[in-house]
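Asker: Pasting the sequence and the predicted model now:
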Amino acid sequence: MMAPDADSIVGCTDGFRLGYVEGWAWRPERPQDAVVVQLLVDGALAGEATACMPRPDLQTAGIGNGNYAFAIPLVIHPHGPEVLHITVQAKDGPVLQGGEFEVATSERDRAELANRRSIAFLEQVFGAFTAATPKAPRPGPQATVPRLNFILFAAAASTAACGTLGMPEYSYFFVMRGFRDVLRRLGAIHMVRDPAREVDAIYQSCVARGESCLFLSFTPPQSTTLGLRCPTVPVIAWEFGDIPTGGWSSEPREDWRLVLRQTGRAITISAFAARAVCATMGANYPVAFVPTPVWDRLGALRARLGNVGGMQPRGPVALRLDGFIWDSRAVTLSLDMRPPALPVVAPRQAAPILPMRGAQLALAAASEMAQIEARAAAARARDELQAEERAEQEASAARAALPPPAKTLRQRVRITGVLLRQWYRDVIRDALPGPVARILSKAGRTVARLRYRPTARIDAPVAHAVIGAGNDAPARPIEMVSAPVAAEPVLPPTALYLPVGDPNRPEPEAAPPRYLPAPKDDALPEPALAIFVPDPYPAPSKASPGESVTLDGVVFTAVLSPKDGRKNWQDILTAFATAFRDTPDATLVLKMIGNDPAFWWWEFHSIVRRLPPFACRVLVFNGFLDDENYQALIGATHFVVNASLAEGQCLPLVEFMSARRPAIAPLHTAMLDYISPENALIVASDWEFCSWPHDPRNHLITTRHRIEWPSLRDAFSAAWRILHDDPQRYAAMGDAAAASVRHYCADDMVASRLASFLGLGDEVLQRAGWPPVPRPRAEALFAAAEDLP
Amino acid sequence: MIIMVYSAYNAASIAEALGAPEYSYWFVRRAFWPVLERFGIVVPVTDPGREVDVIRASAAARGEKCVFFSFEPPHKITLGLACRTIPVFAWEFDTIPDEVWADEPRNDWRHVLANTGCAITHSQFSVDAIRRSMGPDFTVWSIPAPVYDANAVFAAEARPYQPPTDLLLSGMVIDSQQVDLDVFSMQRSFTDGIEALRTLSLYLADAEPKTVLRIAGVVYTVVFNPIDRRKNFNDLLGGFLWAFRDVEDATLILKITYYDAVRGLLPVLADLAKHGHYKCRVLLIHGMLPDTEYCALLRMTSYAVNASTNEGQCLPLMEFMSAGRPAIAPAHTAMLDYVSPANSFVVRSSERLVPWPHDSRQADRSRRYMVSLADLIRAYRESYDVARNDPARYAAMSRDATASLRDFCATPLVEQRLAEVLGVPLPGPENAGHANTVLVEE
């Protein structure tokens, strides 16, 4: 095709489909140097991407290892021009073959895009911004933007069948918490625990106040509450190339198409998932890819760590963990060894449970999610209580109009029991003779066990329990409301359900300025510095000495949940031990998330004892790392490792990368959004068949990505060599990791995507302190018609 | 010369032992038998420890030389015999066991091989593995089973697209398009599925007329033991179903060699049931087929398939390729000797750790080679495309398959190497067909 010049670029643009301009490009003479491809719309730069996505057919065709595909999202705005002149070119290079074409949107397409899908929806949600003529001011007394309200709900665990070994664990709660930190600057946050009962009440009161309200449901579609009056957008974590269409149960929502048609739009946290939605729902379906914002959470750590240059800044680093550590240096491995008994995780003082009012009771009875909330709650108990009381007053008005809060006899008995027990423990127990107290507490435990069996447990931290309808839902709707509401006048109950425009409605101007929650408002927990510390442990007791360890050598770290069968720590372990069988100064840290070591202990021993003898060091952390130690771990890490078979986003990987840690990771699913040859050593991956995680039939109707083990092993060796022989490259990789994560999930980028997708306009961004940013390079806010050239 | 041969199973017991550990040694012995006969009288023994030295003594009294071919893995070989012992074994791993475990010194193969002083294996890959442990000068021959000549006669009729033909089969046959796979779904497999298979096998045992099967189109055949995880049938089957989900004239024949119909078929059917709906056809044949039926199956085949992680030589693949059937197979272990892009759609593979199969400690000391599923699907589709649209390429691949296998396992080649092993001149053509076969197999 072209002259065999060292810099010659060969490639092809396949065209525009499903919202993306696709193609491939490579340098035949320098196949390892990925080509950066630029998308120009009418001559203006509209997107840029590194051509490094895997495509098996390229490899088959003899195009190197096949990792040269690109897909650049092309946004078609409803009010944009009819014909877009597209140019696809290599950066500082030639236009690719077939790289000049036009994308035409017919009048009908755009009308549909504009009216039916966008304007109607946006008007419904944020009426003030998007009248049919965007510039026309909305008539009425409100000249300014009304206050925005976001109702947030996160599924406690991914599926009802939680606790099953190997089930994916999306940690929707952590995704929600990440979004919350951005949304709180755009509007008021209402967190709910029972969407079916609470969302519409909040929506009604918002409507009554003349405010906008949107429900963001951080749940898989099959668990999304439908039929609400409040506009609903599901936020979906998904890691497969297509979406379930049901067929295995009577639950109609198992067919995601039904859910997505009803909600009318969706947000996914990876571009891969957005494409999966488009592939099934049609290219016109409005779906946005908005990653969980992580970047800004690690700003302080980044500042402290400074620039990295090779190994110099990092000598041995001491860490303390509240739990236990398995250290290959401390054990003698042999083939005929029996796995030692599972270390007993010392029973900890449970998080202080506040006086058992309704809200706290629900908190205590909940799961992972609630327990973490409980930890935060304990820290600012008093403030919370006051806020709660005020919230309660407002919510009680809403509740008055709802069906009576049926408190069953069982619930009454249970609450009484819990209060009695607490009273006994605090007041009576220490006054009783020892044996009597023991007998009583044993009897009490038995009773408690019998009574609580079907629900979440209070005493033992349970990683997963389901909150929501049908699973011992809280007795009353509970609304946890952020600060701006606390500053609000309490509306008279009569005002709550009045239609907009009713003369009895209180005058909006009478209220103090309500929007713009101060960026530093303290009613919500401060954004966690490292947002992914998801151990459902209670706060570490000061008395517990914990375990300390000193990390040395080249440190590779993987943070993962052993319960999640896709994380594939097994390959990480065997590849590491093989690559460094003769290298003592290499350390692998497997930080296991969750507090049940049984999920990895036996299998880990079965693998590690069979490995050929190795000189390197393997550490497994099981327990709670507080923020300080978690950051110390990030600081001590040279490379962050991922060998997953599929990823919805992989927050730990993003966190480490945002602290300038290059990665060893495969390039598939969500990793396509932020992993590239510049910031990571790419691990080759192939396919294997699997079923939807929640498909009880176990039908093998989709695929995930089998790691090519030699590639992972070689990546470990290559990483070690880079660190020793090429500190400049290491530093460049670290900088590239930070740069790409900055671009990928900084708060302003995420806010811009959200604002754009929800039609909030730049004004809202500016008000929140974010200047309008140039369009992120990978935005796919509106996919466009597929029947285009 | 008296040539004693031993394998754990014999003609009488093999049908009951298909798929049992080391069952394939009997097939190797059977393949070597006629060639060995050209060098002397072949005497099967059933208890090497007692018989070999007795026979040797009486032969020596008559001035006859004796040699003992032990078709067994080295850790089972009887050591300390006065008779010269030549281990013949298949090995599919890149290292040989060089550690002692379970207090059995023979588990360290170096001990056994140093004792016998020589060995015969079936591929250059295993020769290299043995020499890595035993030193570059160790006497080891790569002699594959001579399956070429019996199968090459079918090479002329190799055709990519089979016209509708009736196959007469005495085994148990299950047609994916005619059975209710639902009983093999995950929830029902171990109750209803087992019940269905039992009923079916009882019915077929009584049924006098054989099953008649009409086959047409592009036919892929694999002969394998589903209990042997090295065969990796999940990828082989899944790849086929994904490649041909909407293709009606693609057929995969799984000839299952496992003595227990229920245990052998159930995992395959359960896997089949997991893949949802497909238009292509999958046939499962269970049971020891008479040679005529096996040949009929071979003649109906367009392509041989293999997706194994390790192969010692893979007799079925060698047979089918000798008969001019191009293969879909990875090029690793023994396949390195005869699979090439000229005669096969070569599937990419990548290594992983694995223990030696008989290692009770399960120590990861060797490698297995996982095929790339994406590449396997690509190979299926490409082969189908060739079968439909490119008969010239098919013919060329077919010719190259036959030629490659002739160069690998034709009888003259095997004879020549055996002559080297035995230290005798090559028997002349007049010796061919010499009536040495007085001893039929017990």
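Answerer: Now that the structure is in, tell me what you want to look at.
Asker: which residues does the nearest residue to residue B:159 once chain neighbours are set aside contact?
Answerer: Nearest non-adjacent residue to residue B:159, counting by CB to CB, 6 or more residues apart in numbering or on different chains: residue B:302, 7.3 Å away. The way it works is simple: take the backbone N, C-alpha and C, and place the C-beta from them, glycine included. The neighbours of residue B:302, taking CB atoms under 8 Å, 6 or more residues apart in numbering or on different chains as the test, are B:159-162, B:218-220, B:325, B:387.
Asker: Can you report phi and psi for residue B:302?
Answerer: phi -90, psi -40 (degrees, to the nearest 10).
Asker: pLDDT score for it?
Answerer: Among the per-residue scores, residue B:302 shows a pLDDT of 97.
Asker: Show me what secondary structure element comes after whichever strand or helix holds residue A:721.
Answerer: Applying DSSP states H and E as the criterion places residue A:721 in helix A:709-725. The helix or strand immediately downstream of helix A:709-725 is helix A:727-745, counting by DSSP H and E.
Asker: just the angle between whichever helix or strand comes after that next one and helix A:727-745, please?
Answerer: Next along the chain after helix A:727-745, taking DSSP H and E as the criterion, comes helix A:747-758. Note on geometry: by axes from the mean of the first three to the mean of the last three CA atoms, to 10 degrees, helix A:747-758 and helix A:727-745 are set 30 degrees apart in direction.
Asker: With only the CA atoms kept, save helix A:747-758 in CSV.
Answerer: Extracted C-alpha coordinates of helix A:747-758, given in CSV (Å, rounded to 0.1, in the frame of the first residue of the first chain):
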residue,chain,number,x,y,z
ASP,A,747,-14.6,15.7,38.4
ASP,A,748,-14.8,18.5,35.8
MET,A,749,-14.8,16.0,33.0
VAL,A,750,-17.5,13.9,34.6
ALA,A,751,-19.6,16.9,35.5
SER,A,752,-19.3,18.1,31.9
ARG,A,753,-20.4,14.8,30.6
LEU,A,754,-23.3,14.7,33.0
ALA,A,755,-24.3,18.3,32.4
SER,A,756,-24.2,17.7,28.7
PHE,A,757,-26.2,14.5,28.8
LEU,A,758,-28.8,15.9,31.1
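Asker: Determine which two of the contacts of residue B:302 are furthest apart.
Answerer: In terms of CB to CB, these reach their longest pairwise distance at B:159 and B:220, which sit 13.9 Å apart.
Asker: more neighbours, these two?
Answerer: Between residue B:159 and residue B:220, counted using other CB atoms under 10 Å in any protein chain shown, the more crowded position is residue B:220 (28 against 18).
Asker: hmm, who's touching stretch B:24-40?
Answerer: Defining contact as CB under 8 Å, 6+ apart, one finds that stretch B:24-40 is touched by B:1-3, B:5, B:7-11, B:14, B:17, B:42, B:69, B:71-72, B:88-90, B:122, B:145-147, B:312-313, B:315, B:411, B:414-415, B:418-419, B:422, B:424, B:427, B:431-432, B:434, B:436-437.
Asker: so for it, what's the average pLDDT?
Answerer: Throughout stretch B:24-40, pLDDT has a mean value of 93.
Asker: Distance from it to the middle of the chain?
Answerer: On the basis of CA atoms, centre = their mean, to the nearest Å, stretch B:24-40 is displaced by 15 Å from the centre of the chain it belongs to.
Asker: Let me know the pLDDT of the residue lying farthest from the centre of chain B.
Answerer: In chain B, counting by CA atoms, centre = their mean, residue B:61 sits farthest out from the average C-alpha position, at 39.5 Å. Here, the pLDDT recorded for residue B:61 equals 94.
Asker: And residue A:259, by the same measure?
Answerer: With respect to pLDDT, residue A:259 scores 91.
Asker: again with residue A:145
Answerer: pLDDT for residue A:145: 60.
Asker: same deal with residue A:604?
Answerer: 95.
Asker: Check what pLDDT residue B:419 gets.
Answerer: According to the model's per-residue confidence, residue B:419 sits at a pLDDT of 95.
Asker: wait, is it part of a helix?
Answerer: Yes: Residue B:419 sits within a helix when classified using DSSP: H, G, I helix; E, B strand; the rest coil.
Asker: The chain - how does it break down into domains?
Answerer: Going with chain A. Listed by automatic domain parsing, the domain ranges of chain A are A:10-104, A:296-316+A:552-745.
Asker: my bad, chain B
Answerer: The record's domain parsing of chain B by automatic domain parsing lists B:2-146+B:410-431, B:153-408.
Asker: What is the longest strand of chain B by residue count?
Answerer: What stands out as the longest strand in chain B, according to DSSP state E, is strand B:211-224.
Asker: So what are the sheet partners of whatever helix or strand residue A:589 lives in and their directions?
Answerer: Assigned by DSSP H and E, residue A:589 belongs to strand A:586-592. Its sheet considered, strand A:586-592 pairs with strand A:554-560 (parallel), strand A:617-624 (parallel) by DSSP bridges.
Asker: among these, which is nearest residue B:154?
Answerer: Taking CB to CB, strand A:554-560 is the member of the strands paired with strand A:586-592 nearest to residue B:154, at 53.3 Å.
Asker: ok, and does the helix or strand following the closest one reach over to chain B?
Answerer: On the C-terminal side of strand A:554-560, the nearest following helix or strand under DSSP H and E is helix A:569-579. Yes: for helix A:569-579 and chain B, the contact criterion (CB under 8 Å from any CB of the partner chain) is met by A:574, A:578.
Asker: Can you give me the neighbour number for residue A:203?
Answerer: By the measure other CB under 10 Å, the count of residues near residue A:203 is 24.
Asker: Does it touch residue A:214 like I think?
Answerer: No: between residue A:203 and residue A:214 no contact is recorded; they are 9.0 Å apart, counting by CB atoms under 8 Å.
Asker: Now do the shared contacts for these two.
Answerer: Shared contacts of residue A:203 and residue A:214, defined by CB under 8 Å, 6+ apart, are found at A:151, A:230.
Asker: quick one: secondary structure of whichever residue of the stretch 101-250 of chain A sits closest to chain B?
Answerer: The nearest approach of the stretch 101-250 of chain A to chain B comes at residue A:247, 9.5 Å away (CB to the nearest CB). The three-state label given to residue A:247 by three-state DSSP is coil.
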